[in-house]
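K.L.:
Okay, structure incoming, though there's no sequence with it:
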């Protein structure tokens, strides 16, 4: 997995330095010293719900506000309203390469590849998953950082665990999650090392 030389998608970039306060509070007074400077960091809008539909990976990019790399998806045509081709960002999963297809949950077959969205009720014990919802329609909350993953421990829907799946979170804790909640198959891709040499300037290093 290598970074592609594509500029960020303008429609999915918001703000030049959103969230940077330089140590100031809402009144503009310094409350945390020795904060400031740094490079501007734009916010990338991610499609966590995979609402646009299936897409094909056309590039991997670096997100300055996230440890994991992003995958740029090209959607040939959106089914609900017949829109033209569009782009979206998702967190990249390990084991995927360029020009492979990523599928949402409504079109995922029995065999799901890393990066495909699945329901926890369709997982088998021992499966590795990431970007897990704690409840249906709540959006992913667990295992979203670079290299993070959770493992399915109990996938049975019978007995006392009926309708719920037991997973082991990256912290080692076990959690019962509804079987109808969504997750992503596979591990989150590891952070891509930046090998660019820093210039001999203190400001650029910051």
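P.N.:
Received the coordinates, thanks. Just so it is clear, the model here is predicted, and its values are computed rather than measured.

K.L.:
which residues of the chain score low on pLDDT?
P.N.:
Across the chain, the ranges flagged by pLDDT under 70 are 1, 16-20, 38, 77-84, 106-110, 156-161, 194-195, 205-206.

K.L.:
Find the residue at the geometric middle of it.
P.N.:
Centrality entry for the chain: nearest residue to the mean C-alpha point is residue 91, 3.0 Å, by CA atoms, centre = their mean.

K.L.:
how about that residue, what does it touch?
P.N.:
Residues in contact with residue 91 (CB atoms under 8 Å, 6 or more residues apart in numbering) are 46, 66, 68-71, 130-131, 144, 184, 188-189. C-beta coordinates here come from the backbone N, C-alpha and C atoms, glycine included.

K.L.:
so residue 52 touches residue 75, yeah?
P.N.:
Yes: distance between residue 52 and residue 75: 4.8 Å, which falls inside the contact criterion (CB atoms under 8 Å).

K.L.:
list residues touching both of those two?
P.N.:
86, 88.

K.L.:
Can you give me the end-to-end span of stretch 104-114?
P.N.:
12 Å (CA to CA, to the nearest Å).

K.L.:
what do you get for stretch 165-179?
P.N.:
With CA to CA as the measure, stretch 165-179 spans 6 Å from end to end.

K.L.:
what residues are up against the residue in the chain sticking out farthest from the centre?
P.N.:
Centroid-distance maximum for the chain: residue 29 at 34.6 Å, with CA atoms, centre = their mean. By CB under 8 Å, 6+ apart, residue 29 lies in contact with nothing.

K.L.:
Identify each buried residue in stretch 99-118, please.
P.N.:
Neighbour counts using 16 or more other CB atoms under 10 Å place 102-105, 108, 112-118 of stretch 99-118 among the buried residues.

K.L.:
Let's have the contacts of residue 91 in JSON lines, adding distance to residue 171 and neighbour count.
P.N.:
Shown next, in JSON lines, are those (distance: CB to CB, whole Å; neighbours: other CB atoms under 10 Å):
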{"residue": "46", "distance to residue 171": "23", "neighbour count": "17"}
{"residue": "66", "distance to residue 171": "19", "neighbour count": "17"}
{"residue": "68", "distance to residue 171": "17", "neighbour count": "23"}
{"residue": "69", "distance to residue 171": "23", "neighbour count": "21"}
{"residue": "70", "distance to residue 171": "24", "neighbour count": "22"}
{"residue": "71", "distance to residue 171": "26", "neighbour count": "25"}
{"residue": "130", "distance to residue 171": "14", "neighbour count": "27"}
{"residue": "131", "distance to residue 171": "16", "neighbour count": "27"}
{"residue": "144", "distance to residue 171": "13", "neighbour count": "19"}
{"residue": "184", "distance to residue 171": "18", "neighbour count": "28"}
{"residue": "188", "distance to residue 171": "15", "neighbour count": "25"}
{"residue": "189", "distance to residue 171": "20", "neighbour count": "24"}
